[in-house]
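> this is the structure alone, sequence omitted:
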């Protein structure tokens with residue numbers, strides 16, 4: 001009986017994971033129909049709404065395309081690409097279209113690409129909906145590339161900067177929206193997501209796992225380069241997501257180009273696993289961050305934020321990171337502060353750099369009145385339930 005109960009629980013969990021994205025796409029889908037045949041359900045409702053469904057299979061299922069790129073070529077705005085389980089070695093450029101990509105199962109529908117080159121992300125997009133998929137940017141080269149994109153030129157970009165998994169930075173964004181639901185986004189190179197905003201654009205990540213084990217963090221985001229004005233409409237939301245950041249001490253790099261832009265940030269029930277370190281050369285002296293130094297939080301946890309911080313000091317930082325990346329060492333949500341004994345180590349009060357998991361990159365390096373010192377990013381009142389307390393509205397307002 002115990003075994004049967006366990007199988008029923010697994011069945012319900014799998015069915016629920018599949019049903020939720022279907023209900024988002026087609027609110028009138030009923031549970032029994034979705035469970036019976038998701039492809040048939042999607043096809044019938046798409047047909048009723050004047051849209052096409054194009055299927056992709058890595059196993060040469062009759063009537064399907066062999067690559068997502070080919071299916072996207074023949075798809076029109078609003079059409080659905082249904083992806084059967086398999087590994088798809090592709091760098092998708094969908095910036096010119098507004099499509100729905102729907103995977104049959106998020107853990108077995110894998111879109112992957114070797115992202116050591118900046119111009120070859122796994123996905124380049126400006127609009128659309130992506131559900132039940134894994135986006136995996138993997139590394140085959142051991143060379144260290146810079147993660148600071150501020151100094152790149154068209155001639156040097158591929159030589160000096162690795163690629164994001166998801167890259168969003170195109171004029172087609174204007175007036176559109178982009179949604180990721182129930183997806184895995186895994187990076188062994190640059191940030192999981194690199195996002196350059198345009199006006200009247202919104203991006204949301206719902207029920208997603210974002211994991212970075214490369215030389216950058218979870219998110220690099222900046223406001224538009226063109227001056228827009230204080231009433232610009234730009235929104236970024238992460239809801240019910242898990243962030244795992246084990247390659248770089250900054251989880252987020254938020255760059256503000258103009259003080260007149262305004263991007264609304266919503267973090268809701270985001271569980272983050274990340275690290276900070278006493279190796280202060282890892283941190284930028286130009287960080288305009290105005291929140292709490294991790295070292296002070298360790299000393300006075302009752303005064304500062306509620307972010308859980310775990311102290312580990314019996315191994316080298318590099319050894320801990322190797323274990324975190326390989327998922328061989330359990331870790332609690334929050335910040336793991338990794339300390340390493342060093343010769344001629346300076347006292348903490350002599351160290352000028354701020355130890356934090358956020359990098360606020362403002363013009364002139366001056367703190368602004370936005371989120372933790374930003375000039376362009378502001379939290380919404382919906383921000384709550386996050387393990388990193390500075391992502392919660394109450395601590396910043």
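Cool, the structure landed. Computed from a prediction, not measured in an experiment: that's the story for all the values here.

> please count neighbours and contacts with C-alpha atoms only from this point.
Noted.

> and the gap between residue 290 and residue 189?
Between residue 290 and residue 189 the computed distance is 28 Å (Cα to Cα, to the nearest Å).

> look at these two and report which has more neighbours.
Neighbour totals were compared for residue 290 and residue 189, and residue 189 leads with 33 against 19 (other Cα atoms under 10 Å).

> can I assume the more buried one sits in a strand?
No. Read with DSSP: H, G, I helix; E, B strand; the rest coil, residue 189 is coil and lies in no strand.

> what's the nearest residue to it if we skip its chain neighbours?
Distances taken as Cα to Cα, 6 or more residues apart in numbering place residue 214 nearest to residue 189, at 4.2 Å, with adjacent residues excluded.

> that neighbour: how many residues sit nearby?
Neighbours of residue 214 (other Cα under 10 Å): 26.

> on the three-state scheme, it is what?
coil.

> that one reaches residue 190, doesn't it?
Yes. The pair residue 214 / residue 190 is scored as a contact, 6.0 Å apart, by Cα atoms under 8 Å.

> the stretch 201-350 of the chain: helices as residue ranges?
Here the stretch 201-350 of the chain has its helices, by DSSP state H, counting those that start in this stretch, at 294-299, 317-325.

> residue 109 is nearest to which of those?
helix 317-325 (22.2 Å; Cα to Cα).

> need the residues that contact that closest one.
Residues outside helix 317-325 that contact it (Cα atoms under 8 Å, 6 or more residues apart in numbering) are 213, 246, 247, 277, 329, 330, 331, 338, 339, 340.

> with stretch 262-273 instead?
With contact meaning Cα under 8 Å, 6+ apart, stretch 262-273 is reached by 223, 229-245, 331-336, 376-388, 391-392.

> repeat that for stretch 73-90.
Outside stretch 73-90, the residues touching it (Cα under 8 Å, 6+ apart) are 39, 46, 51-59, 67-69, 71-72, 97-105, 108-113, 122, 128.

> mind checking the end-to-end distance for that stretch?
14 Å.

> ok, stretch 296-309 next?
End-to-end distance (Cα to Cα), stretch 296-309: 11 Å.

> kindly report the same for stretch 328-340.
20 Å.

> and for the spatially closest residue to residue 95 that is not a sequence neighbour, the neighbour number?
Nearest residue to residue 95, sequence neighbours excluded (Cα to Cα, 6+ apart): residue 125, at 4.3 Å. As a burial measure, residue 125 scores 23 neighbours (other Cα under 10 Å).

> for residue 183, same thing?
25.

> just list the residues touching it, thanks.
Residue 183 neighbours (Cα under 8 Å, 6+ apart): 106, 130, 131, 132, 133, 134, 135, 207, 208, 209.

> okay, and which of those residues map to strands?
130, 131, 134, 135, 209 (DSSP state E).

> just among these, which is most surrounded?
Going by other Cα under 10 Å, residue 131 tops those with 29 neighbours.

> let me have the contacts of helix 317-325 in TSV, extended by pLDDT, neighbour count and distance to residue 257.
Output for those, formatted as TSV (pLDDT from 0 to 100; neighbours: other Cα atoms under 10 Å; distance: Cα to Cα, whole Å):
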residue	pLDDT	neighbour count	distance to residue 257
213	94	25	28
246	94	28	28
247	87	27	26
277	92	23	28
329	86	11	39
330	85	7	38
331	88	13	36
338	93	21	32
339	90	17	34
340	87	15	36
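
> before we move on, the earlier item: out of the contacts of stretch 262-273, which are inside strands?
Using DSSP E, the subset of the contacts of stretch 262-273 located in strands is 234-239, 242-245, 334-336, 377-379.

> what sits against residue 243?
Shown in contact with residue 243 (Cα under 8 Å, 6+ apart): 209, 210, 211, 218, 270, 271, 272, 273.

> just name the closest of those to residue 198, please.
residue 218 (20.3 Å).

> name the nearest residue to residue 276, ignoring sequence neighbours.
Distances taken as Cα to Cα, 6+ apart place residue 337 nearest to residue 276, at 4.8 Å, with adjacent residues excluded.
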